[in-house]
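[1] Sequence and predicted structure are below.
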Protein chains: 4
Amino acid sequence: MVGGGQGAYIGHIHRLAARLDGQWQLVAGAFDVDPERGRTFALSQGLDPARSYGTWQEMIAAEAARPDRVEAVAICTPNFTHYPIAKALIEAGFDVICEKPLTATLADAVALEQLARDSGRFVGVTYTYSGYPMVHEARVRVAAGEIGAVRTVQVEYPLEWMATAIEQQGNAQAVWRTDPVKNGRGGSIGDIGTHAYHLAGFVSGLTLDSLTADLATFVGGRALDDNAHVMLRYQGGARGLLWSSQVAIGNSNGVRLRVFGETGSVQWYQEQPNELILTPLEGRVQVIKRGAAGLSEDAQARTRTPPGHPEGYLEAFANLYAGFAEAIRARAEGREPDAIGRNLPTAWDGLKGVAFVEAVVDSAGATDQPWLRPVAV
Amino acid sequence: MVGGGQGAYIGHIHRLAARLDGQWQLVAGAFDVDPERGRTFALSQGLDPARSYGTWQEMIAAEAARPDRVEAVAICTPNFTHYPIAKALIEAGFDVICEKPLTATLADAVALEQLARDSGRFVGVTYTYSGYPMVHEARVRVAAGEIGAVRTVQVEYPLEWMATAIEQQGNAQAVWRTDPVKNGRGGSIGDIGTHAYHLAGFVSGLTLDSLTADLATFVGGRALDDNAHVMLRYQGGARGLLWSSQVAIGNSNGVRLRVFGETGSVQWYQEQPNELILTPLEGRVQVIKRGAAGLSEDAQARTRTPPGHPEGYLEAFANLYAGFAEAIRARAEGREPDAIGRNLPTAWDGLKGVAFVEAVVDSAGATDQPWLRPVAV
Amino acid sequence: MVGGGQGAYIGHIHRLAARLDGQWQLVAGAFDVDPERGRTFALSQGLDPARSYGTWQEMIAAEAARPDRVEAVAICTPNFTHYPIAKALIEAGFDVICEKPLTATLADAVALEQLARDSGRFVGVTYTYSGYPMVHEARVRVAAGEIGAVRTVQVEYPLEWMATAIEQQGNAQAVWRTDPVKNGRGGSIGDIGTHAYHLAGFVSGLTLDSLTADLATFVGGRALDDNAHVMLRYQGGARGLLWSSQVAIGNSNGVRLRVFGETGSVQWYQEQPNELILTPLEGRVQVIKRGAAGLSEDAQARTRTPPGHPEGYLEAFANLYAGFAEAIRARAEGREPDAIGRNLPTAWDGLKGVAFVEAVVDSAGATDQPWLRPVAV
Amino acid sequence: MVGGGQGAYIGHIHRLAARLDGQWQLVAGAFDVDPERGRTFALSQGLDPARSYGTWQEMIAAEAARPDRVEAVAICTPNFTHYPIAKALIEAGFDVICEKPLTATLADAVALEQLARDSGRFVGVTYTYSGYPMVHEARVRVAAGEIGAVRTVQVEYPLEWMATAIEQQGNAQAVWRTDPVKNGRGGSIGDIGTHAYHLAGFVSGLTLDSLTADLATFVGGRALDDNAHVMLRYQGGARGLLWSSQVAIGNSNGVRLRVFGETGSVQWYQEQPNELILTPLEGRVQVIKRGAAGLSEDAQARTRTPPGHPEGYLEAFANLYAGFAEAIRARAEGREPDAIGRNLPTAWDGLKGVAFVEAVVDSAGATDQPWLRPVAV
C-alpha cells in the first residue's frame, strides 16, 4: 500500500476491506510522505521492518527485486500523485488498486488508461458504491429489462461536512480536497460527483452523450466548487439529473439513485443499502432485501449474511477487494472470473470519471451558457 | 363555480375544501361545457335551479343582477379558458379563485395580473402546496434565519400516472393536459413543475434570476414534455435544481422540497406532510410535527388537529379557501387579515408561474444551448 | 349535538367530520354543562337561537316536539354521561352517534346495548380508526384469506401527552380522563387501549377468548393506569399483544397494527395512514397505497383523492359520519346499505370495548396473578 | 474454534467478525461432529494440518500441550454441547467465547457460571446486539439520566424464516432449533427472545423482578414455541413487554427496542442500526447518527467509519470480538480495559438469559395462570 498512514481516512478503510474476506494480506507499504512516520506506522501494522518503506519509489525498487514480491499495490495518496505512482507500479509489473479519481488531470487519465491497456496489468479503481450487492441487483434487473428502456436517471451525492471553511481550520482532509493542484479542477464534482456519475451509468447501463452544468462555491475563500448541478443527456435519448454537494447540511453520505424506465423503476439509497426499491408499472412499491431468495448471482456473490443482518460500507468495499483478487486470480489461471470478479470498476471507468469532471467544469465555465430570465420572477 | 362538473377531479376537491371549515357555501355554478349536463350536476349538488346555470356567461349576467349575488367564483375549467372567464368575472366585480396555471399563455397572464391589480378584485390561485401548515412553518423558519442564507434548493414533483399513452386511450384528464392549445406550452413543467417552482420560492424566499432547462417527451405521440430538468440561479447567488415528471413510475404525488442554508436545512415531503425535517449545522436531524407546541402562528392558523392526527391534501386546500375568505373579509372590513389570510398565492404568483414555464420551454428549445461531450463516456 | 362546546376537542372534530361530505347539517345542540355558555357557543356556530339549547334534557324535549326534528344526535360529553343521554335519546326515538367508550361502566354498557337492540334505533360509536380506508382494505384482505389463518396480532396505541401530571396543572382534557368517576375504571386502557382492541378485532376478524393484563400508573397522584400491557388469546388459538400508554414520550398518536397469518402479514400505522404494508410468505414487502387501482370496494368507498394526495384523521372520521348517514338512510328505505354504510362500529362494539376494559382492570387487579422470578436476573 | 464447519451459519460469522479488526487469528479448530469433514474444512481455512482437529476433546488435549497454544476458543456448536465443551476448556485453562445461549439447561448454566467465576477464566457470550455502537450510545444516555427514570421498555425480535415447517424439509438450522434436547426448552424465546431480554436490560439498566408469559406453537408438528409474549416487571416498578417470533412474516431480523423514561425516550431498530432516535419530553424527535460528533466514548470505540457510511451486523459482532481481546489483554496486563473491553456480555449474562427462558417456559406452562374472559367479546 502507498499512502494511508497515521490519521488517513481512506487508507484505513482499504485495509479493513482487504482483510474482511481473508483474500489479501498486507505485507509491505510506504504509508506517508514523511518516511520516518511511514515506517513507524508500518511497524504498528505488524509489517516486517524490511518491508516498511520510507518512499513508494523505495518500495517499488525493493519489492520488484523480491521473489515473494507483493501481487498488487493499493494507492491511497492524494489525487495528484496517483498518476506517477500508478505508472511506476505498472511499469514495474505490479497490479494496481487505485482510489478514485484515477488521476488529477485528464491528460494523466488518458495516459494511464492507455498504459493499463497496453501493459495488461490489472488496474482497479475503488468506485465504492458499485461494491454494494443491491446496486448489482439493480444493474442486473435493469439490464434484464425489468423496468423497460430507461427514460431518466436521478442521482445525487450530498454531504455536509464541508459546509463551513474547515480547510481554513486545518482539517487535513479538506485542505487537499480544496486545493486545485492536489485535487484536480473539480471540487464536489470531482470528489463525489464522479461517484454519482459512475453509479448512474453502472446501474442504468447508459452511455453519456453530453451534459450542461452549473457549479457554485458557497464557502468563502474556497477555490473549487462545493455544489454542482448537472443535466445529462444519454445516448439513445434518456436524460439524467445529477447533484453533488459538500455543503448540504443534514446529509452524511447521502448517495441516492433512482432509475425510471418505461415499465418500472428502481431506487437505492446508500444509507439504507440493504434494500432495493422496485416499482413495476401500475404495481405496488416493493422492497427487495439483500440476501433474500431469488436474487441474482451478482448480488449473492457479494453477500455474507442473511436478510435483516445489515451489511454496509465496509462490506461493499470488501466486495471490490474480493473482486479484484478474483479478477487477478482468473487472469493468472486463464479463465473467466466468477461473479464477484466481474463488473468491476477499472482504469476505463477511472478515465470516464475524470473526463466527466473535466466536461462539467468546462461546461460550467463556458461563457456562452445561455441562462434565461422569465418576465416575472 | 365554473367547471368542475360530473367526473371532474379538481372541481370536486375545490368543493370539499371550501366546505370543510364552513366559511364558504356553494350557491351557484356553471359546471360543464354541456349546459344541460351542467344544470343536472348543479341540481345533484343541491343548488337552487334558478342558480344552476348552463354557461358561465349566463351565470355572470344573472348573478351580477342579484342582490344576493355570489361573493367569489372558483374557476376549475381547462387552462385555456381561465383568462376569458376570469376577465369577465373581474369586470363584473366578482372576486376570483382560479386553478393554476393562471392562464395558458404568457400574454394572458400579464393581462390578467394587470387587470387584477387595477380592479382591486381579489384573485387567488390555488398553488395547493402552499396551503400545508408545515410548508408555512418552513417558510417562517427560513425567513427568520434559522438555516442562514440559503445556498441551494432541491425541488421535485414526480408523478407516474402518464407513464403510458393514456391520452390515446381516452383519459380525459390526460387528453387536455397533452394538448398545447388547451394546456399551454408546458407539459409536465406547466402542469406540476409550476407547483414545484412556486413552492421553492415560497419557502426559500428567493427570487429567480435565470434558468436553463432540458425537456423531454418520453411517451410516443405526446405533443408536450413529460419530463423536465431545470437548473435555477436565484438572485443573490443561490442555486436550485428542479425536476418534474409525469412518467416517474413509483411516484404518486411526490412533491419534495429541500432548502439548504449556511447554518441548516429544511426538508418537506408532500406524502408525509405533517412533518418538517430540520437539521441545524453540526446538529441532529430533527422532526417537527404539525400541531406541536412552539410552532409559528402561520402554521397554527392552518392546523385543526393535534400532532399525530394526520391532516392532508384536502386540509391544505381548505386552508387556501379559508385564507381567501379571510383576505376578502379583511379587505371588506378595511383591516389586516389574520394569519390564515396572509401569504396567499395570488395573481402575481400565477403570472410568475406562467412566466417560469415559458422561460423553461424557451430555454429548452434554444438552439444555442451548449451541451458538452466528455472525451470518454 | 350534546357537548363539544367552547374549548372541547372531540366535539370540534365531530363537526368538521360531519360537514366534510355534506351529508349532515348541524341544526341543534346543547353544547355545554353551563347552559349560558352552551347557548353562546351554539350561536357562534350559526344555529337558530330557538334550537340553541341550555341542557340536553331541554333539547330532547323540544326537538321531539318539532316536525323538523333532528335525525340523529352526536354525544360528545365526558364518558359517564353517555349512558343517561343516549338512553333518553333512544327513548325519545332519536338515532345516536356516541363517542367511545359507549359508557363508563359495564352495567350501563350492557343496558344501553340491549336498549339499542330492542328499540331498533341506530347507535354508532366513533371507533375512529375503523374509518380509515386502508384499515378496511386490510380487513377485506385478511377476510379473503390473503394472509391465511391469523396467528398473532400486535397492536399498540402509545401517546405522550400525559407523561407529566398535566391534570394537576388544570388541563381539562386530562382532568376528567384521570377521574375514575367521569372516565370509568380504565385509564390508558379505557381511553385508547379500547381503540387498539377494536382495531385488532376489526382487521383480524378474531374474537377474543381471554386475556391477562398488567396495568401501571407512572405519574404520581394519578388514580388510573397510564400504561397497560395485555396478552390476548383469541378463539381458535391466535394470540395478541396490546400496549397502550399515555406516557410514551416520542409518540403523538402512534396507533400501529400488525397482523400475522400463515401465509402473510399486514401492517398499518396511523401516522402514515395512506399506506398498507402487505408481505406475502417468501415474498417482498409491498406498499399498497390508498386510491390505487384494484383496491376493495370498502376502501374505495372511503376515498376522496388519488394516491399520493394524503387523507388523514378528519377524512377517516368523516367516513364514519358518511357511513352512519348511509346506514340510517338505508334502514329508512328498507334496503341494504352501500359499502360505506357497512362494517360500522355500533353499540355492540361499544359494549365489547367496555367489557374488554373491565376485564383488563380485573385481570391486572387479581391477587392470584402469578408472576415468576427467574433464578438470576 | 469448536463447531462452525461447512455450511454452518454462525461459525462463519464468528470468523469474519474475529478477522475484521486484525486482533484475532484462527490457528486451530475442531469444526464438525464428523472428524474427517472437520479436518477438511480446517484445511480449507488455511489451518496447519497439525492443528486441524477431529474432535474438540482432541483439540483441547493437543493445544493444552503446545507452547503456542491458542489463547481463547470460540464455541459455535448446538446449544446442548456448550456446557461440556466450555467446562473442559475452562478446566484446561482456556478462555472461552460462547455462542448464546450459554447452555441448554438451567442447571448447566448455573454450574458453568460458577466455574467461570471460580476459575478466573474469561467467558464471553455473543449477545450480538450489545456490540452495536448505537446500542452502547443508548445505554450511556439512559445511564446518564437523559430520559429520566425508566418507566417502560418495549422490545421485540420477530423473524419469518420458520413460518412454515422447514425443519420437516431438512433445514439443518431449523432442525436442531426445534429439538428440545439440542436446543433447550425455549423455542423462539430461547433462540431470539433471550437476545431481546438481554438488550432490554443492557440499555435500560433495569433488573427484572418477575414475569408472566404466553407461548404458542403455530407450525404443526413443532415441539417448541415459535411465538412468545412476555410481560415484565422490573425492580423499582418499571414494566416491559417482550415479543419474540419465528413466524412473523415480513420480518427478516426485526430487533427493535424502545425505552421510555420520565423525561424522554430512546428507540433503536436493528435493521437501521446506525441511528438512535432520541425524543426529549416536549421536544422534537431527534436522529443521532453513528459517528457523529459528541457521542460517548463507548460508541466511538465501536465505530470505524464516519456518519453515513453504514456499519452493520458484522461490525457489531467484530466489536464483541475486539472487546473480548481487550478484556483478555487487560487482565493479562493487570489494568482496566479500554472502553471497547468494558460492558461486555459474560457468563453472568449468559446465566441470566437461560434463567429468563426457563422462567418464561415455566410461567407459560403454569396451570394456575388466570386468563379472564370479558362478558362480551
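    It's in. Please read these numbers as outputs of a predicted model, since none were measured by experiment.

[2] Am I right that A:Pro310 is in a strand?
    No. Counting by DSSP: H, G, I helix; E, B strand; the rest coil, A:Pro310 is not part of a strand but coil.

[3] now the closest residue to it other than its chain neighbours: how far from D:Leu344?
    Distance criterion Cβ to Cβ, 6 or more residues apart in numbering or on different chains; nearest residue to A:Pro310, sequence neighbours excluded, is D:Gly312 at 3.2 Å. C-beta here means a position set from N, CA and C on the backbone, and glycine is covered the same way. Computed as Cβ to Cβ, to the nearest Å, the D:Gly312 to D:Leu344 distance reads 20 Å.

[4] next one: phi and psi at the nearest residue to A:Asn253 once chain neighbours are set aside?
    Spatial nearest neighbour of A:Asn253, chain neighbours left out: D:Gly308 (2.8 Å); criterion: Cβ to Cβ, 6+ apart. Backbone torsions for D:Gly308, taken as degrees, to the nearest 10, come to phi 90, psi -10.

[5] So D:Gly308 is in contact with A:Pro273, correct?
    No. Checked against Cβ atoms under 8 Å, the pair D:Gly308 and A:Pro273 is beyond contact range at 10.9 Å.

[6] Which one's more surrounded, the two?
    Neighbour count, other Cβ atoms under 10 Å in any protein chain shown: between D:Gly308 and A:Pro273, A:Pro273 has more, with 25 against 22.

[7] For the most centrally placed residue in chain A, which residues are in contact?
    For chain A, the residue sitting closest to the mean C-alpha position, by Cα atoms, centre = their mean, is A:Tyr127 at 2.1 Å. Applying Cβ atoms under 8 Å, 6 or more residues apart in numbering or on different chains to A:Tyr127 gives the contacts A:100, A:195, A:198-199, A:202, A:320, A:345, A:349, A:353.

[8] same check, this time on A:Leu257
    Residues near A:Leu257 by Cβ under 8 Å, 6+ apart: A:135, A:138, A:153-155, A:196, A:199-200, A:203, A:266-269.

[9] hmm, back to that, so which of D:Gly312 and D:Leu344 has more stuff around it?
    D:Gly312 (24 against 21).

[10] where does that one land on pLDDT?
    Note on D:Gly312: pLDDT of 98.

[11] what's the answer for the one 4 residues further on, then?
    You'll see D:Ala316 listed with a pLDDT of 98.

[12] Over to the one 5 residues further on?
    For D:Tyr321, the pLDDT comes out at 98.

[13] Backbone torsions only: list them for it.
    Dihedral angles for D:Tyr321 - degrees, to the nearest 10 - are phi -60, psi -40.

[14] Quick check: it touching D:Trp24?
    Yes. Contact criterion Cβ under 8 Å: D:Tyr321 and D:Trp24 qualify, at 6.0 Å.

[15] tell me the secondary structure for A:Trp161?
    Strictly by three-state DSSP, A:Trp161 counts as coil.

[16] need the strands for the stretch 151-300 of chain A, in chain order.
    Counting by DSSP state E, counting those that start in this stretch, one finds strands in the stretch 151-300 of chain A at the ranges A:208-216, A:227-234, A:239-245, A:256-261, A:264-269, A:275-280, A:285-289.

[17] Out of the ones you listed, which is closest to C:Leu211?
    C:Leu211 lies closest to strand A:285-289 among the strands of the stretch 151-300 of chain A, at 33.9 Å (Cβ to Cβ).

[18] Can you tell me the closest non-neighbouring residue to A:Ala322?
    With Cβ to Cβ, 6+ apart as the criterion, A:Ala322 has its nearest non-adjacent residue at 4.9 Å, and that residue is A:Asp21.

[19] For that neighbour, grab the count of nearby residues.
    Using other Cβ under 10 Å: A:Asp21 sits among 18 other residues.

[20] And for A:Val181?
    11.

[21] check contacts around it.
    Counted by Cβ under 8 Å, 6+ apart, A:Val181 has contacts A:80, A:104.

[22] residues touching A:Asp209, list them.
    Going by Cβ under 8 Å, 6+ apart, A:Asp209 touches A:233-235, B:371, B:373, B:377.

[23] now A:Lys352: how far from A:His229?
    The value you get for A:Lys352 to A:His229, if Cβ to Cβ is used, is 20 Å.

[24] Pick out whichever of these two has more residues nearby.
    A direct count of neighbours by other Cβ under 10 Å for A:Lys352 and A:His229 places A:His229 higher, at 32 against 25.

[25] pretty sure that one contacts A:Leu211?
    No. Taking contacts as Cβ under 8 Å, A:His229 lies outside contact range of A:Leu211: 10.5 Å.

[26] shared neighbours of D:Tyr321 and D:Trp24, which are they?
    Residues touching both D:Tyr321 and D:Trp24 by Cβ under 8 Å, 6+ apart: D:Ala18.

[27] who's more crowded, those two?
    Shown here are D:Tyr321 and D:Trp24; by other Cβ under 10 Å, D:Tyr321 has more neighbours (26 against 22).

[28] What are the phi and psi values at A:Ile10?
    Dihedral angles (degrees, to the nearest 10) for A:Ile10: phi -70, psi -30.

[29] tell me the contacts of the closest residue to A:Ile189 other than its chain neighbours?
    Leaving aside its chain neighbours, A:Ile189 sits nearest to A:Ala228 (4.1 Å; criterion: Cβ to Cβ, 6+ apart). For A:Ala228, the contact set (Cβ under 8 Å, 6+ apart) comprises A:186-189, A:193, A:213-216, A:242-245, A:360, A:364.

[30] if we go to 6 Å?
    For A:Ala228, the contacting residues are A:188-189, A:193, A:215, A:244, by Cβ atoms under 6 Å, 6 or more residues apart in numbering or on different chains.

[31] Tabulate those residues (CSV), appending pLDDT, distance to D:Gly131 and neighbour count.
    Formatted as CSV, the contacts of A:Ala228 follow (pLDDT from 0 to 100; distance: Cβ to Cβ, whole Å; neighbours: other Cβ atoms under 10 Å in any protein chain shown):
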residue, pLDDT, distance to D:Gly131, neighbour count
A:Ser188, 98, 35, 29
A:Ile189, 97, 38, 33
A:Gly193, 98, 35, 31
A:Leu215, 97, 43, 24
A:Ser244, 98, 34, 31
